[in-house]
Structure formats: C-alpha cells, structure tokens
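Participant: Pasting a predicted model and its sequence here:
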Amino acid sequence: MCSATANTTAADPKIIDLLNKDPEGLAHVSLEYFPPRTEQGVKNLHARMERMLANTKCLYTDMTWGAGGSTADLSLELALHAQKTGHVSNLHLTCTNMEKDGDPVKGVHDALQQAYDGGIRNIVALRGDPQEGQNEWTATKGGFTCALDLVKYIRKEFGNDFGISVAGYPEGHPNRISELNEEEVKHMSESELSRCCTHDGITYVCKDEDYKKEMDYLKEKVDAGADFIITQMFFDAEVFKTFVKDCRAWGINCPVVPGLMCINAYPGFKKMTKFCKTRVPKALEDKMESMKDDAEAIKKFGVEYGVEVCRSLLDSGVKILHFYTLNLEKVVYGITDELGITSGLTEQSNESDVNDMVAVGSAWARVGDTIKCSAGQGVVKEIKSDGAAVVEIDGKDLQLAKGTYEKVF
C-alpha cells in the first residue's frame with residue numbers, strides 16, 4: 001500500500017465510477033494531451049487545458065508519458081497541475097527507462113507515490129515505446145516486461161488506491177501486425193479483411209492467430225485489475241464495434257472507451273497512420289489525397305469525418321468520446337459543436353500557438369523519417385544506439401552524429 005503524506009489537495013474520484021454513471025447530455029467527453037517541447041508550449045497548454053475543461057466539461061483528462069520515459073518528470077508535473085486546476089487527471093505511466101538508483105522499478109514506484117500524494121487516483125498502465133535511438137522495445141533487467149506486469153505491480157503495492165485503465169488495439173498491436181505477400185492477401189479471412197490496411201501498396205494485418213493472442217492478453221490485463229480500456233486510434237467505426245463485440249465474447253465486460261484521433265493536418269495523418277499501420281477506409285484516403293495541399297480544408301474535413309465516426313459510435317451505444325487532441329482545440333470543438341454536446345465553441349477556438357504544441361518526443365527521428373542537415377535533406381535508414389543516424393541523401397548513405405541533424409515535420 002502507498003504511504004500517504006500530508007496533502008491538502010482533495011483526491012480525484014476514480015474514473016470507472018464516473019463512467020458507470022450515464023452522461024447528462026448526449027455523451028461524456030474526455031481529452032488527451034502530451035507534454036510540449038518548450039517552456040512556452042507548457043504555459044500555452046496550461047491555458048488551453050483550462051479553456052477546454054470549462055468549455056467541454058470533460059469527464060477526465062489524460063496526460064501522456066513520452067517514448068522511452070523521455071517526459072517522465074514533465075508528464076507528472078502536467079498531470080499534477082491538471083489535478084490541482086479541476087481536472088480528473090488520468091496519468092499515463094510506462095515501464096520503459098524507469099530505472100532509478102540502480103533499481104529497475106523504483107522510478108515507477110516513486111512516480112506512483114508522487115501521483116498519489118498529489119491527489120491523482122487514475123493511471124493508464126502501458127508498456128511504452130522504445131527509448132531514444134532504438135527501434136525495438138527491450139525490457140530492463142529485473143524490471144517490467146509488459147503492461148500486465150505494471151497492472152499487477154500497482155495492485156500489489158497500492159491495492160485499490162488507483163483506478164487503472166489499459167490500452168486496447170481494435171486492429172491489433174502494431175508489433176503483431178504482419179506484412180502480407182500476394183498469396184496471403186488472396187487468402188485473408190473475413191475478419192482479417194475487416195481490419196487490414198494498405199500503405200504504399202503493401203497490405204498489413206493482425207492475423208487471426210495473433211489477434212486471438214492480443215485478446216487473450218487484454219483479458220489478462222483486465223483480470224489482473226484494470227478497470228476499463230482506452231483504444232488505440234481508428235478511422236473505421238466498424239472496426240471498433242467489432243472489437244467491443246470480441247471483448248464481450250472473451251469475457252471482457254468492462255467499459256471500452258473509443259480513442260479518437262482528430263484529423264488536423266495531412267502530413268501528421270499520413271505519418272501516424274503509416275507508423276501505427278492503421279486501417280484507412282478508401283473513401284477517407286481518397287478525400288485526404290484530394291485536399292492534401294489545402295490545410296484549412298483538411299481541418300474542416302477533419303471535423304466532418306470526426307462527426308461521422310462519432311455519430312456511428314453513439315448510435316451503437318457508446319457513452320463517451322475520448323479525443324486525442326494533439327494539444328489543439330479547433331477540430332475537437334467543431335466535432336462537439338456539430339454533435340450538440342457543446343455550442344458555439346468553434347468560433348472561440350484559438351490555435352495561434354500551434355508551433356509551440358510539438359511533443360518532446362517529436363524531436364526524435366526514427367527509421368523512415370525525413371531529416372535535414374548541412375549536407376541536405378534525406379531519409380533515415382537506421383538509428384544507432386548512440387543516436388547517430390544512417391541517412392540516404394542524394395542516393396548516398398551518410399552517418400550523422402546525434403545533434404547534427406534535425407527532423408523535418
């Protein structure tokens with residue numbers, strides 16, 4: 001159990017208790033943010049979070065934990081700030097790069113203790129992404145190996161003091177999504193066809209046998225003490241509906257919250273869907289391609305498509321919409337206004353600070369990213385353990401030391 005220290009801040013309610021109550025209006029709304037890269041970005045995010053809480057009456061607020069534990073301190077600071085300023089704070093916590101004082105789990109325990117002492121009572125338990133300079137996730141010796149370990153640890157060390165949510169992957173975890181050859185594409189099952197995706201002419205899918213492993217693992221996380229599930233982003237509402245049905249068939253009966261990525265810009269949409277191997281319906285892909293050079297048209301369409309997906313979800317019985325805001329507000333407001341959850345917010349939106357709303361981890365280059373340096377612009381082919389990058393520029397491979405190249409967004 002945690003050791004409580006003196007604290008004048010009232011503790012948050014557990015989100016599961018809030019989810020079990022019907023929304024007063026059409027649906028609950030929850031909002032997710034990430035730690036910005038600059039001090040000015042943090043100040044601007046404070047203001048945006050305050051506005052969006054007042055405007056949307058969001059049920060709870062998520063704060064992400066950077067890849068490889070990169071934003072651990074700032075994530076915790078922002079989550080505590082949210083808690084102190086009226087949000088029900090849902091802190092993401094990962095197992096990655098959390099060694100402290102030679103102890104592979106001490107960093108996790110200390111973060112949980114600080115969260116508890118600050119009134120936070122809700123944690124999103126995640127494995128996390130690879131550390132900087134790595135393309136594959138590796139466990140720290142003697143530490144956690146997966147999100148299930150983290151759920152078990154929280155329940156063992158802190159009992160029921162925290163509400164816990166975990167990630168769900170309607171299309172399968174990216175690590176379990178396979179690239180198919182032509183013969184495999186021809187013989188996909190009906191369920192595989194419903195969740196497959198195509199990027200750059202290559203078809204990917206979480207095969208049925210791997211999808212079953214994913215669902216078995218999700219059941220383990222819930223049985224170990226997770227209260228509810230927040231899904232990975234998706235752009236095909238039918239994929240989410242199938243996932244919920246599959247959860248029930250697996251005996252997973254907790255709430256499943258749909259994670260909704262707002263379409264704000266063409267480059268970000270393309271990069272994220274390719275990186276996560278996300279299914280993009282043909283109609284959506286064609287529409288995005290037709291307006292890719294018109295930034296304002298993309299935002300307007302982002303609202304239209306978001307509304308379409310949300311209405312389909314609400315018609316299926318969904319009671320909460322969880323928006324990945326990308327630290328912006330215009331598209332979120334457009335969607336909630338059009339749905340009737342809010343009114344008149346679109347005209348109030350202010351994104352003049354968009355350049356400050358870049359994630360800390362966004363400064364890192366990964367394989368496939370475009371970078372620029374003194375020799376020109378090229379594509380990353382390999383990231384070394386020391387952060388150096390092998391980059392193809394004008395048909396030649398160059399090795400660039402960390403700090404001598406910059407990622408192009």
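Facilitator: Everything's here; your move.
Participant: hang on, residue 381 in a helix?
Facilitator: No: checked against DSSP: H, G, I helix; E, B strand; the rest coil, residue 381 lies outside a helix; its state is strand.
Participant: Test my guess that it contacts residue 388.
Facilitator: No: at 11.8 Å, residue 381 and residue 388 do not qualify as touching, with contact defined as CB atoms under 8 Å. Yep, even glycine has a C-beta here, placed from its N, CA and C like the rest.
Participant: between those two, who's got more neighbours?
Facilitator: residue 388 (17 against 14; other CB atoms under 10 Å).
Participant: residues contacting the more buried one?
Facilitator: 399, 400, 401, 402 (CB atoms under 8 Å, 6 or more residues apart in numbering).
Participant: can you give me the offset of stretch 188-207 from its chain's centre?
Facilitator: Centroid displacement of stretch 188-207 relative to its chain, using CA atoms, centre = their mean, to the nearest Å, is 22 Å.
Participant: Can I get the contacts of residue 388 in TSV including neighbour count?
Facilitator: Converted to TSV, these look like this (neighbours: other CB atoms under 10 Å):
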residue	neighbour count
399	12
400	21
401	12
402	15
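Participant: In strands, which of the residues you listed fall?
Facilitator: Among the contacts of residue 388, the members found in strands (DSSP state E) are 399, 400.
Participant: for the chain, which spans come out with low pLDDT?
Facilitator: Applying pLDDT under 70 to the chain flags the ranges 1-9, 66-71, 96-102, 128-142, 354, 356-366, 385-387, 407-409.
Participant: Show me which helix runs longest in it.
Facilitator: Determined from DSSP state H, the single longest helix within the chain is helix 295-315.
Participant: The helix or strand that that helix is followed by vs helix 295-315, what angle?
Facilitator: Using DSSP states H and E, the helix or strand that directly follows helix 295-315 along the chain is strand 320-324. Using axes from the mean of the first three to the mean of the last three CA atoms, to 10 degrees, the inter-axis angle of strand 320-324 relative to helix 295-315 is 150 degrees.
Participant: Next up, the contacts around residue 28.
Facilitator: 18, 19, 58, 59, 319, 320, 321.
Participant: what are the bridge partners for it, then?
Facilitator: On the basis of DSSP bridges, residue 28 is bridged to residue 320.
Participant: List only buried entries from the contacts of residue 28.
Facilitator: Neighbour counting with 16 or more other CB atoms under 10 Å marks 18, 19, 58, 59, 319, 320, 321 as buried within these.
Participant: Just the CA trace of the longest helix of the chain, in PDB.
Facilitator: Provided in PDB are the C-alpha atoms of helix 295-315 (Å, rounded to 0.1, in the frame of the first residue of the first chain):
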ATOM      1  CA  ALA A 295      -4.600  23.000 -44.700                       C
ATOM      2  CA  GLU A 296      -7.800  24.700 -43.900                       C
ATOM      3  CA  ALA A 297      -9.800  22.200 -46.000                       C
ATOM      4  CA  ILE A 298      -8.200  19.400 -44.100                       C
ATOM      5  CA  LYS A 299      -9.200  20.800 -40.800                       C
ATOM      6  CA  LYS A 300     -12.800  21.300 -42.000                       C
ATOM      7  CA  PHE A 301     -12.900  17.800 -43.300                       C
ATOM      8  CA  GLY A 302     -11.400  16.600 -40.000                       C
ATOM      9  CA  VAL A 303     -14.500  17.900 -38.300                       C
ATOM     10  CA  GLU A 304     -16.900  16.400 -40.800                       C
ATOM     11  CA  TYR A 305     -15.300  12.900 -40.700                       C
ATOM     12  CA  GLY A 306     -14.900  13.100 -36.900                       C
ATOM     13  CA  VAL A 307     -18.700  13.800 -36.600                       C
ATOM     14  CA  GLU A 308     -19.500  10.900 -38.900                       C
ATOM     15  CA  VAL A 309     -17.400   8.400 -36.900                       C
ATOM     16  CA  CYS A 310     -18.800   9.700 -33.600                       C
ATOM     17  CA  ARG A 311     -22.400   9.500 -34.700                       C
ATOM     18  CA  SER A 312     -21.900   5.900 -35.700                       C
ATOM     19  CA  LEU A 313     -20.300   5.100 -32.300                       C
ATOM     20  CA  LEU A 314     -23.100   6.900 -30.400                       C
ATOM     21  CA  ASP A 315     -25.700   5.000 -32.400                       C
END
